[in-house]
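A.B. asks: give me coordinates for this.
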Amino acid sequence: APLAQGVHDIMSWLADNFLCHLLEVCHTVGHSVVSNTLCMISWCNLPRTTFILYQVVSRLASVQAHELKPLFTLLLHLLALEDPYQLVRVEHVICTGDNGLLNLVRRASSEDPKRAYQCVKFLTQLLRSNPTAKKHILEHITDWQWSVNWLRTAFEAEAKSSSVSNESASTKGFQRTTSAQETLTDATALLNEFESSQ
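C.D. replies: So this is what the prediction gives:
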């Protein structure tokens, strides 16, 4: 039995390192290959899906703001998996402690507004495309309301429009872009929809 446990521990360590490596190369190799592989590994596998989500969400708080897009694309794919653990994944990403995206919006709102904006943009896309996430956000309507109000305030604070993307590395602060206006409009419409349904 001790030998079997040792082999199991080694295999688990190798699997975790392989998954971390896949996430590290997410931006450099064909994203669809990495995304498909991680989705296959996550399908009906709670320990691996939990590990992958923890790694992805941790990276959302630490990578440069202009490197977030591939991680958000991966998350959309992972959260769309319709297996018995879909709700667990959605809960983990939206609101698990300090690592949930709703909390990341709050933490990043003053120091890293581009990161906070990209989280709100992602959540808006997620809520529009994922019925499970849309239903779950109702349990956190106050946090969603705070996020939408923050985006409105950030948008209104920027006096002039910009053609520089909030996903580029060339600026630190939030930019008033057409995309940001569309995100604000969509996020506000979702908030109104949620508030009227309560």
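A.B. asks: CA atoms for contacts and neighbours, from now on please.
C.D. replies: Noted.
A.B. asks: what pLDDT does Gln125 get?
C.D. replies: At Gln125, the predicted lDDT confidence score is 96.
A.B. asks: now the helix or strand containing it: buried residues?
C.D. replies: Using DSSP states H and E, Gln125 sits within helix 113-129. For helix 113-129, a neighbour-count test (16 or more other C-alpha atoms under 10 Å) marks 113-127 as buried.
A.B. asks: go on, stretch 72-90?
C.D. replies: Buried residues in stretch 72-90, counting neighbours by 16+ other C-alpha under 10 Å, are found at 72, 74-76, 78-81, 85-87, 89-90.
A.B. asks: stretch 52-66 too?
C.D. replies: For stretch 52-66, the neighbour count (16+ other C-alpha under 10 Å) marks Ile52, Leu53, Tyr54, Val56, Val57, Arg59, Leu60, Ala61, Ala65, His66 as buried.
A.B. asks: which of the residues you listed fall in helices?
C.D. replies: Ile52, Leu53, Tyr54, Val56, Val57, Arg59, Leu60, Ala61 (DSSP state H).
A.B. asks: what's near enough to touch the fifth one?
C.D. replies: Shown in contact with Val57 (C-alpha atoms under 8 Å, 6 or more residues apart in numbering): Val93, Asn99, Gly100, Leu101.
A.B. asks: kindly recompute the last result at 10 Å.
C.D. replies: Val57 makes contact with Leu71, Phe72, Leu75, His92, Val93, Ile94, Thr96, Asn99, Gly100, Leu101, Leu104 under the criterion C-alpha atoms under 10 Å, 6 or more residues apart in numbering.
A.B. asks: hmm, Ala65 and the second one touching each other?
C.D. replies: What that stands for is Phe72. No. In this structure Phe72 lies outside contact range of Ala65 using C-alpha atoms under 10 Å: 11.4 Å.
A.B. asks: overlap in contacts of the two?
C.D. replies: Each of Gln118 lies in contact with both Phe72 and Ala65 under the rule C-alpha under 10 Å, 6+ apart.
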